[in-house]
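Participant: Quick one, what's the 3D model for this:
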Amino acid sequence: MQDIRMELRGKAVVLMGKNTMIRKGLDMGHLLHPDAGMDTLRANIRGNIGFIFATNCQLDDIREILGKHVRDSAAKSGQMAKANLSL
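Facilitator: Numbering: from 1, shown residues only. Now for the predicted structure:
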């Protein structure tokens, strides 16, 4: 995450936080600005999330930076291996 933040510095703002705090903020924003659609955004929050606000770049630039940092997730108990492994 830190590498992504460093690459986006000056181009976009990365906001990560506790999901309960983000939901609370969206609720408060909905009360102040009911036509902004924050209730719809809050309804679609699933799992851990973060926001990236583009300030001085296009969304394609952000997608490119995020694409460079994609990694496989760690294995979980009971999963099948994606590649053959011999010891």
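Participant: Just give me the neighbour total for the closest residue to Ala54 other than its chain neighbours.
Facilitator: Counting by CB to CB, 6 or more residues apart in numbering, Ala54 lies nearest to Ala12, which is 4.8 Å off, once chain neighbours are set aside. Where you see a C-beta, it was placed from the backbone N, CA and C, and this is true even at glycine. As a burial measure, Ala12 scores 21 neighbours (other CB atoms under 10 Å).
Participant: Please name the residues that touch Ala12.
Facilitator: Residues in contact with Ala12 (CB atoms under 8 Å, 6 or more residues apart in numbering) are Ile52, Phe53, Ala54, Thr55, Asn56, Cys57, Ile62.
Participant: got the residues you listed as JSON lines, with secondary structure columns?
Facilitator: Formatted as JSON lines, the contacts of Ala12 follow (DSSP: H, G, I helix; E, B strand; the rest coil):
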{"residue": "Ile52", "secondary structure": "strand"}
{"residue": "Phe53", "secondary structure": "strand"}
{"residue": "Ala54", "secondary structure": "strand"}
{"residue": "Thr55", "secondary structure": "coil"}
{"residue": "Asn56", "secondary structure": "coil"}
{"residue": "Cys57", "secondary structure": "coil"}
{"residue": "Ile62", "secondary structure": "helix"}
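Participant: quick one: His30 and Ala75, what's the gap?
Facilitator: 40 Å (CB to CB, to the nearest Å).
Participant: who's more crowded, those two?
Facilitator: His30 (17 against 10).
Participant: And the next helix or strand past the host helix or strand of the more buried one?
Facilitator: Secondary structure from DSSP states H and E places His30 in helix 19-32. Counting by DSSP H and E, the element after helix 19-32 in chain order, helix or strand, is helix 38-43.
Participant: Name the surrounding residues that touch that next one.
Facilitator: Counting by CB under 8 Å, 6+ apart, Arg23, Leu26, Asp27, Gly29, His30 sit against helix 38-43.
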